[in-house]
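Trainee: A predicted structure for the sequence below; I have some questions about it.
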Amino acid sequence: MITVHCRVEDRVVSLVMPPSGVFPDGAVWVDLLNPTPEEQAFIASSFHLVLPSVEEMREIETSSRLYVEDDAVFMTTSVIFQADTDRPDQCDLTFILARRALLTVRYAEPRSIPTFAARVHKQPELLASPEDALLGVLDAVIDRVADVLEMVGGRMDRLARSVFFARLEDKRPPARARRKRTEETADLQEVLREIGRAGDMTHKIRDTLSGMDRLSAFLVTAGAARFNKDHRTALKTLQRDVRSLTEHVGFLSQEANFLLDATLGLVNLEQNRIIKVFSVASVAFLPPTLVGTVYGMNFHNMPELDWSFGYPWALFLMILSGVLPLVYFRWRNWL
């Protein structure tokens, strides 16, 4: 689909164009979403350039993503999308700064593109030139990354509260306390999943910011002849925003690692508590087992074998030897 955004006097007109005909006057930004071969051929003949294929957009070499060809600047970077869903992902977005217009080629729908498309109708000056359109789209991408970072930061805060503050010991009866610990153990599993999702999100954001940093650095030299003073100032502001957001991503990544270590520590404490119960049970049953073993040898010269109170005496010794360790453990606050 080819969407053409035109600057007509003091307003912006957007229209979907078929792969034929002539571009209207004032076309500043041409957005291609999942372009068909016919649409690619139409754009190539209209602007005298070759659009990169999907495979070329996925190349990881910098020379394949950032280059100049026939006075057109080609820039491809990865941006995050579907950040509000359970399966955030990344997509490749190509910017082509041609002489006549700015072209964007994409095979996904990151929110930054429709956000900027809606913004230009309220601020037509954003489409004063292809260079202004490029800087506006880049600014929309950075704004979207900042919004996602705020969302991840809020998620980290909620996870921190659930890990550190929601697990304080309360004055509940033992049965309810045990049930509460069981529920908390199940919650820890979900916390681990949430931390994994937040860590994965920060990695995708870091990748997006790294691509934007390389793109802006390349644009400083490749577009120097086409940028005026205001454009260069806006580009420097964009670079500062990228660097500040990159530092914030590093902080969130460290926080995710800290929460992961803390949660794993709580999981180990829960496991140690279970192992402690089995250890206490084994220690408590060891003396009665010893008493039963001694009286189960059935030697001929054992006086208790002919004693009428021998059986109750053995039971009493077994119970006493099992209760005394439990009393001692309770006195030492080991239980």
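Mentor: Cool, got the structure.
Trainee: Quickly list the domain ranges of this protein.
Mentor: Listed domain ranges for the chain are 2-272, 296-331 (source: automatic domain parsing).
Trainee: Would you format those domains as JSON lines with distance to residue 285, mean pLDDT and mean neighbour count included?
Mentor: Quick note: C-beta positions are derived from backbone N, CA and C, even for glycine. Below are these laid out as JSON lines (distance: least, Cβ to Cβ, whole Å; pLDDT from 0 to 100; neighbours: other Cβ atoms under 10 Å):
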{"stretch": "domain 2-272", "distance to residue 285": "20", "mean pLDDT": "80", "mean neighbour count": "16"}
{"stretch": "domain 296-331", "distance to residue 285": "6", "mean pLDDT": "78", "mean neighbour count": "12"}
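Trainee: of those, which approaches residue 290 most closely?
Mentor: domain 296-331 (7.5 Å; Cβ to Cβ).
Trainee: With respect to residue 281, which of the domains of the chain lies nearest?
Mentor: domain 296-331 (9.6 Å).
Trainee: Figure out the helix or strand that the residue lying closest to residue 307 once chain neighbours are set aside lives in.
Mentor: In this structure, residue 307 finds its nearest non-sequential neighbour in residue 313, 7.3 Å apart by Cβ to Cβ, 6 or more residues apart in numbering. In the assignment (DSSP states H and E), residue 313 maps to helix 310-331.
Trainee: Can you give the contact residues for that helix?
Mentor: Helix 310-331 has contacts (Cβ atoms under 8 Å, 6 or more residues apart in numbering) with 280, 283-285, 287-288, 290-292, 295, 304, 307, 335.
Trainee: Which two of those residues have the greatest separation?
Mentor: Among the contacts of helix 310-331, 307 and 335 lie farthest apart (Cβ to Cβ), at 35.6 Å.
Trainee: All the strands of this structure, residue numbers only.
Mentor: With strands called from DSSP state E, the chain shows them at 2-8, 11-17, 27-33, 66-69, 72-81, 89-97, 102-106.
Trainee: which other helices and strands contact the second one?
Mentor: In this structure, strand 11-17 packs against strand 2-8, helix 112-122, with contacts taken as 3 or more Cβ pairs under 8 Å, 6 or more residues apart in numbering; DSSP states H and E.
Trainee: Can you lay out these as TSV showing distance to residue 23?
Mentor: Converted to TSV, these look like this (distance: least, Cβ to Cβ, whole Å):
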stretch	distance to residue 23
strand 2-8	6
helix 112-122	17
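Trainee: what bridges to residue 80?
Mentor: Judged by DSSP bridges, the bridge partners of residue 80 are residue 90.
Trainee: distance of it from residue 92?
Mentor: 12 Å (Cβ to Cβ, to the nearest Å).
Trainee: ranges for the helices of the stretch 51-200 of the chain?
Mentor: Secondary structure of the stretch 51-200 of the chain, counting by DSSP state H, counting those that start in this stretch: helices at 54-57, 62-65, 112-122, 130-160, 174-222.
Trainee: wait, which of those is closest to residue 99?
Mentor: Closest approach to residue 99 among the helices of the stretch 51-200 of the chain is made by helix 130-160 (7.8 Å; Cβ to Cβ).
Trainee: Remind me what the closest one packs against, helices and strands.
Mentor: For helix 130-160, the elements it packs on are strand 27-33, strand 72-81, strand 89-97, strand 102-106, helix 112-122, helix 174-222, helix 229-295, judged by 3+ Cβ pairs under 8 Å, 6+ apart.
Trainee: Determine the angle, from 0 to 180 degrees, between it and strand 89-97.
Mentor: If you take axes from the mean of the first three to the mean of the last three Cα atoms, to 10 degrees, helix 130-160 sits at 160 degrees to strand 89-97.
Trainee: so how far is helix 130-160 off the chain centroid?
Mentor: 13 Å (Cα atoms, centre = their mean, to the nearest Å).
Trainee: what does stretch 43-59 give?
Mentor: Computed by Cα atoms, centre = their mean, the chain-centroid distance of stretch 43-59 equals 31 Å.
Trainee: what's next to that stretch, contact-wise?
Mentor: 2, 22-23, 30, 32, 35, 40, 64-65, 69-70, 72, 74, 76, 92, 94, 96, 98, 100-101, 103, 105, 107.
Trainee: let's see it at 6 Å
Mentor: By Cβ atoms under 6 Å, 6 or more residues apart in numbering, the surrounding residues in contact with stretch 43-59 are 40, 72, 76, 92, 94, 98, 105.
Trainee: All set now, cheers.
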